[in-house]
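1. coordinates for the following, if possible.
(chains A, B, C and D)
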There are 2 protein chains.
Amino acid sequence: MTEKKKTRIKIRNEEKIRVAALKLFSAYGFHGTTMEKIAELADMSQPNLHNYFKTKADLYEAVLNDILTVWVDPIGSLDVEGDPETELRFYIVKKVEMARKYPEASRIFAGEMLQGAPILMHHLKGPLRMKVRAFSTVIESWIRQGKIRPVDPVHLIFMIWGSTQHYADFMPQIRAVMDVARLNKSDFDAAAESICAIILRGLAPVG
Amino acid sequence: MTEKKKTRIKIRNEEKIRVAALKLFSAYGFHGTTMEKIAELADMSQPNLHNYFKTKADLYEAVLNDILTVWVDPIGSLDVEGDPETELRFYIVKKVEMARKYPEASRIFAGEMLQGAPILMHHLKGPLRMKVRAFSTVIESWIRQGKIRPVDPVHLIFMIWGSTQHYADFMPQIRAVMDVARLNKSDFDAAAESICAIILRGLAPVG
DNA sequence: CCTACCGATCGGTAGG
DNA sequence: CCTACCGATCGGTAGG
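-> Numbering: from 1, shown residues only, chains lettered A, B, ... in the order given. Next up is the predicted model:
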């Protein structure tokens, strides 16, 4: 019983650390974040952190792995049997929704890219590349069937990623340009609609 | 004469420092870069750096200002009298060219955004917002004239920025997915062509 | 422009 | 899980 209690506290504390670390790493980067600040935000002493994560680098890696599961994985694949417009719209809307719901995940991922992806390179060359391959296969099939115009599938997916993630990663710029204190759901919806309209129209076959 | 010689050396050294700082700040961020490493790359002693830039923050700001002049300013405005397709194509091609030629500038700018743009916020709310306003005016004029489909000009420019800068900021991901060691000019050209094709077709009026 | 060095911060450990 | 503390690093300065 005492054992069980301890374990529950440990699980809860570890979660608190992960949440605090995600927030700070995403806002200040790896080097701009101190273990002391993470400890504060997680309401613990700094030395105690090391009971849960041996080193700062370990904690950072743990946070990155958390992100991969919520950020990259849930992006389902396109259904080749489906209607291209419906399928791509769903995908784009989902990506914008992710940028809105998990901006910190997006930013920590972006920060990792800016630094050359030292930790995530393995994931990029493995699982992510496979995802793009599956995506490309569907796009190419649609092109062969004349359902969409000929287009390089890889550049298409980069275009979708770039334009959707932009709303999370460049939020200060977007807020400044739009002159709003905060982006609310309707702003994101408008963004998704604009992106969908242009890309779907851009891909629509002649006639 | 001795004075002149000194000045020339000083100018040359300051330039060396700026170049070294841009390279390291863009790769490792502000906190991940040490004055010692900048000094090494600039072939100087670390204390000597402080004769040219009082503090690390001053040097960082100087680098950011350098970037604004080469990264944001030269993006000419759209010519409202011109053909939308020609004008937008020119703009997109130029943006991709900038991502290819000045990836470090793009990355340091992106890093600044990720951290909330503490230093660049003034620029975003001033000059940059004006640029977007000018861009929007032209787009709206084209829409009124039926030259392009109705579209939110602000989301359009975000879409162009997002999809073009992506090739500089997310280069590790792009290289991993495309399975190439380096992106050469033809890759960037293909990217520009894909982006142009989809966006221009997406904006083309009915008929 | 260099040598020498400072004060502060930070990640991590000892020991209980 | 805490107190106390370490070794190392780093930005910046003194003094010449």
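2. the helix or strand hosting residue A:47 near DNA strand D at all?
-> Assigned by DSSP states H and E, residue A:47 belongs to helix A:46-52. Yes - using C-beta under 7 Å from any atom of the strand, we find that helix A:46-52 touches DNA strand D at A:47-48, A:51. The way it works is simple: take the backbone N, C-alpha and C, and place the C-beta from them, glycine included.
3. which stretches in chain A count as helices?
-> A:2-28, A:35-41, A:46-52, A:56-67, A:84-101, A:103-114, A:121-123, A:129-144, A:153-169, A:171-178, A:185-203 (DSSP state H).
4. for the helix holding residue A:47, packing partners?
-> helix A:2-28, helix A:35-41 (3 or more C-beta pairs under 8 Å, 6 or more residues apart in numbering or on different chains; DSSP states H and E).
5. by mean pLDDT, show me the worst of these.
-> In terms of average pLDDT, helix A:2-28 trails the rest of the helices and strands packed on helix A:46-52, at a mean of 85.
6. that one near DNA strand C anywhere?
-> No - Helix A:2-28 stays clear of DNA strand C (C-beta under 7 Å from any atom of the strand), getting no nearer than 10.0 Å.
7. now do that helix and helix A:153-169, the angle between them.
-> Here helix A:2-28 runs at an angle of 100 degrees relative to helix A:153-169 (axes from the mean of the first three to the mean of the last three C-alpha atoms, to 10 degrees).
8. what does chain A put close to DNA strand D?
-> A:9-10, A:13, A:44-45, A:47-48, A:51.
9. re earlier: could you list the buried residues of the helix holding residue A:47?
-> Using 16 or more other C-beta atoms under 10 Å in any protein chain shown as the test for burial, helix A:46-52 gives A:49, A:52.
10. what's it in contact with?
-> A:10, A:13-14, A:17, A:35-36, A:38-39, A:42, A:59 (C-beta atoms under 8 Å, 6 or more residues apart in numbering or on different chains).
11. filter those residues down to the buried ones.
-> Buried among these by 16+ other C-beta under 10 Å: A:13, A:17, A:35, A:38-39, A:42, A:59.
12. and the furthest pair within these?
-> Farthest-apart pair in the buried ones among the contacts of helix A:46-52 is A:13 and A:35; separation 14.5 Å (C-beta to C-beta).
13. in chain A, which residue sits closest to DNA strand D?
-> Distances between chain A and DNA strand D by C-beta to the nearest atom of the strand are smallest at residue A:45, namely 3.2 Å.
14. export the helices of chain A as JSON lines, with columns for distance to residue B:186.
-> Shown next, in JSON lines, are the helices of chain A (distance: least, C-beta to C-beta, whole Å):
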{"stretch": "helix A:2-28", "distance to residue B:186": "35"}
{"stretch": "helix A:35-41", "distance to residue B:186": "45"}
{"stretch": "helix A:46-52", "distance to residue B:186": "49"}
{"stretch": "helix A:56-67", "distance to residue B:186": "33"}
{"stretch": "helix A:84-101", "distance to residue B:186": "27"}
{"stretch": "helix A:103-114", "distance to residue B:186": "22"}
{"stretch": "helix A:121-123", "distance to residue B:186": "24"}
{"stretch": "helix A:129-144", "distance to residue B:186": "19"}
{"stretch": "helix A:153-169", "distance to residue B:186": "12"}
{"stretch": "helix A:171-178", "distance to residue B:186": "30"}
{"stretch": "helix A:185-203", "distance to residue B:186": "22"}
